[in-house]
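1. Give the three-dimensional model of this entry:
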Amino acid sequence: KLQERMASSRERGSSVAKVKNKHAASVQITAEQLLREAKERMLEYVPPPPKLTFTDPEELAQYRSQKRKGFEDVIRRNRSSIGTWLKYAAWEESQNEIDRARSVYERALDVDHRNITLYLKYAEMEMKLRQINHARNIWDRAIAILPRVPQFWFKYTYMEEIMGNVAGARQIFERWMEWQPDEQAWYSYINFEMRFNETDRARAIYERMVLVHVEPKNWIKYAKFEIKLAQVLKARSVFERAVDFFGEDLLDPALFVAFAKFEESQKEYERARVVYKYALDRIPKHEAQELFDNYAQFERKFGSRSGVEEVIVNKRRFQYEEEVKQHPNNYDAWFDYLRLCEADLALDATRDVYERAVANVPPAADKRLWRRYIYLWIYYAVFEELIAEDVGRTRDVYKACLRLIPHKEFTFAKIWLLYAQFEIRQKDLAAARKALGSAIGMCPKEKLFKGYIELELQLREFDRVRTLYGKLLEFNPANCSTWTKFAELETELGDIERARGIYELAVGQPLLDMPEVLWKAYIDFESEILGEHDRARELYQRLLQKTSHVKIWISFANFEAGVPDEDAVERARATFEKGDAEMKDQGLKAERLLLLEAWLAFEESNGAAGQVQRVKGLLPRRIKRRRDITNEDGSEGWEEYYDYLFPDEQTQAPNLKLLQMAQLWKQKSNNQDALSLLQTHAPAPSEHQGDAGADADGDDAPGPARPPRSEEDGESEAGPARPARRPAFTAARDSDDEDDAPGPARPPPSARAAAAAAPEDDVSSTSSESDDN
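-> Below you'll find the model as predicted:
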């Protein structure tokens, strides 16, 4: 039987449909929907118990006895359950058993004599039964035990007021005020007195309250109370007493706003303005935003244009004060603040802000941190000199700044130069020279030397200028600009030999920062200023011994072309030829191309047509090559680059000429027999040769064809355009010197034999180039 039950259970389980889709349903049902639906369908509705009606006194007594026994049993089990006591007392009250209800309340108070609800329910029962004395007794007991519970006092005073016992209610309020309750209790007392038109008593209560609760809002309410009674003088007196009471340390913007609006309502605009200004001068800036907004609105309504502008300036000043207080090293904020103060033309206030600003020294001796800070001192000195017109303070500012800068770490040449210029404006040349001399001795900088030299040049003290140039060159002999300017000074003074000597010393220095500038100045000095072309030529030759840069060759050739004599063109052409040979020997293809382009431009402007064609024949062809590279991840690959193939490099490959002839013959021949004959004599290209390319270095070693490593570009810089497509065995494009080749004819045997005997690398190179084009 057990086995049968298990089999039947398995059959039932297998008949249950399995859930295939376990994703969330498109429409979700929330718990709130389930509860609302249950309520609508009344699923948890419990009908109220039936109302009992008794007609027999004995049956009623029995019901009461059972009910009391139930309450007593519950209280016996849990004596501290105040809810049970309250239900018990309420049930006795509903049965008109007042004595029993009082007994229940008293028993409950014995259990918990500090329970607020018990006193409230007990007193409310007595008031409903109009047992006033009993209620007073309960309220007295409550406020004596729990004096900090305001509900007892409120209900007690309300009961006395309802009963018309005004004196008793006032006495209760007085007892309450002795405990110094919260503000609402005082306001209730004041409202109580005002309901009976006792204004003097209410005013006295206010006087006592503002001494207990010293918040500004209570003073404001006191003043509004007087305003409501049309007591303007007393209201103003309350505001004034409030300001005096809080002093200058505990001022509240709300108090001054209320005071100013009161004066504004009384049309005392000057008084209101004085109140606003007094507050703005004493209240911290971060707390005065509301006060500021009200002051601006007041000035827009009742003030003049200058008053409105003053409000705006003050507002910006407060904003800057807050900014510099939070970030004292934010020098940009100090700059804005100082500009605002200078526009106000308040010298003392501006000077005070400058002193506060320069007191915020950068935290570290890092020049990057001092760059903005140093301008505070510069602006301070300019302010004292130009606006305040105080020469003594200006000199003190400069000296204080120079003492503050850590000159052993870094210095600022601008400060030294400004100080020297200030002393010159004061006609104290000795002080200016002393300051600049101290700067050079303490912390020499190129800018200091240049400023000192410029000063002496303006004073026409050329001996001092020579001395300063000598010191500067001792400090930095690699500065080509200094050498050049020193030589130019001597040239302007007419001392040519001294200038030439300076140039010779300069070019003899082992280390120069811009030697090309120095040599250019020296050459221009000899050629353009003095007209010494032979000396300039010697300088070019000396320079070419140091370096053979292509620009020097071009400049040398242009110089030779510009010499006014008959052989200038020939010398320039010879210079170009020497430069071309030098570039060729060094293997500098890009520089050689640049030289040839300059040479071509020279020949087009000065030479004959034959020379132009000659130079054009030297121009290279640009080809695209490939080279092996190793990537950052270690993998190998290749990249394409442009190279230049010069005609003199093409003559080094004898087979290339023959292949070009074969290409020209194939291009001009339309005879199929000639094509077949050429294919017969030429070696059949292998599968690899058709796609193989020549090596970048032009090696012709025999062996199997390697992967392609060079391709020609689609457009050559010299020579005619090539056909769009050629067979794999054809040669490279035609050269300029083969345009007069014979017409359609079979190639000579030597050409066919050379084509048949050509190395595989050369054939594959040309075929790869022609295929790609």
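
2. can you give me the strands in this protein?
-> Secondary structure of the chain by DSSP state E: the strands cover 621-630, 636-645, 710-712.

3. Tell me what angle the first one forms with strand 636-645.
-> In other words, strand 621-630. On the basis of axes from the mean of the first three to the mean of the last three Cα atoms, to 10 degrees, strand 621-630 is oriented at 160 degrees to strand 636-645.

4. what bits of the stretch 501-650 of the chain have low per-residue confidence?
-> The stretch 501-650 of the chain contains residues with pLDDT under 70 at 607, 650.

5. Kindly recompute the last result at 90.
-> 502-550, 552, 556-574, 576-577, 579-592, 595, 598-650 (pLDDT under 90).

6. Could you pull out the helices in it for me?
-> With DSSP state H, counting those that start in this stretch, the ranges of helices along the stretch 501-650 of the chain come out as 515-524, 533-546, 550-562, 568-586, 589-606, 609-618, 647-650.

7. go on, the stretch 301-450 of the chain?
-> Under the criterion DSSP H, counting those that start in this stretch, helices of the stretch 301-450 of the chain are mapped to 305-326, 331-344, 347-358, 367-382, 391-404, 413-425, 429-442, 446-458.

8. Only alpha carbons, please: show stretch 122-139 as PDB.
-> Listed in PDB are the C-alpha atoms of stretch 122-139, where the atom choice follows Å, rounded to 0.1, in the frame of the first residue of the first chain:
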ATOM      1  CA  TYR A 122     -10.000  62.800  35.900                       C
ATOM      2  CA  ALA A 123     -10.400  66.600  35.700                       C
ATOM      3  CA  GLU A 124     -12.400  66.500  32.500                       C
ATOM      4  CA  MET A 125     -14.900  64.100  34.200                       C
ATOM      5  CA  GLU A 126     -15.300  66.500  37.100                       C
ATOM      6  CA  MET A 127     -15.800  69.500  34.700                       C
ATOM      7  CA  LYS A 128     -18.400  67.600  32.700                       C
ATOM      8  CA  LEU A 129     -20.200  66.900  35.900                       C
ATOM      9  CA  ARG A 130     -19.900  70.600  36.800                       C
ATOM     10  CA  GLN A 131     -18.000  69.700  40.000                       C
ATOM     11  CA  ILE A 132     -15.800  72.800  39.800                       C
ATOM     12  CA  ASN A 133     -14.300  72.500  43.300                       C
ATOM     13  CA  HIS A 134     -13.400  68.800  42.600                       C
ATOM     14  CA  ALA A 135     -11.800  69.900  39.300                       C
ATOM     15  CA  ARG A 136      -9.900  72.700  41.000                       C
ATOM     16  CA  ASN A 137      -8.600  70.200  43.600                       C
ATOM     17  CA  ILE A 138      -7.400  67.900  40.800                       C
ATOM     18  CA  TRP A 139      -5.700  70.700  38.800                       C
END
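
9. Identify the residue spatially nearest to Y354, adjacent ones excluded.
-> The shortest distance from Y354 to any residue other than its chain neighbours is 4.6 Å, reached at Y380 (Cβ to Cβ, 6 or more residues apart in numbering). Where C-beta positions appear, they are placed from N, C-alpha and C, glycine not excepted.

10. still on that earlier bit, quick one: closest of the strands of the chain to T482.
-> Taking Cβ to Cβ as the criterion, strand 636-645 is the member of the strands of the chain that comes nearest to T482, at 40.9 Å.

11. Now that closest one: buried residues?
-> D643, Y644, L645 (16 or more other Cβ atoms under 10 Å).

12. Would you confirm that the first one contacts K589?
-> Yes: counting by Cβ atoms under 8 Å, D643 does reach K589; the two are 7.0 Å apart.

13. just checking, Y269 touches Y276?
-> No: at 10.6 Å, Y269 does not count as touching Y276 under the criterion of Cβ under 8 Å.

14. Mind checking which of these two has more residues around it?
-> Using other Cβ atoms under 10 Å, the more surrounded residue of Y269 and Y276 is Y276, with 25 against 16.
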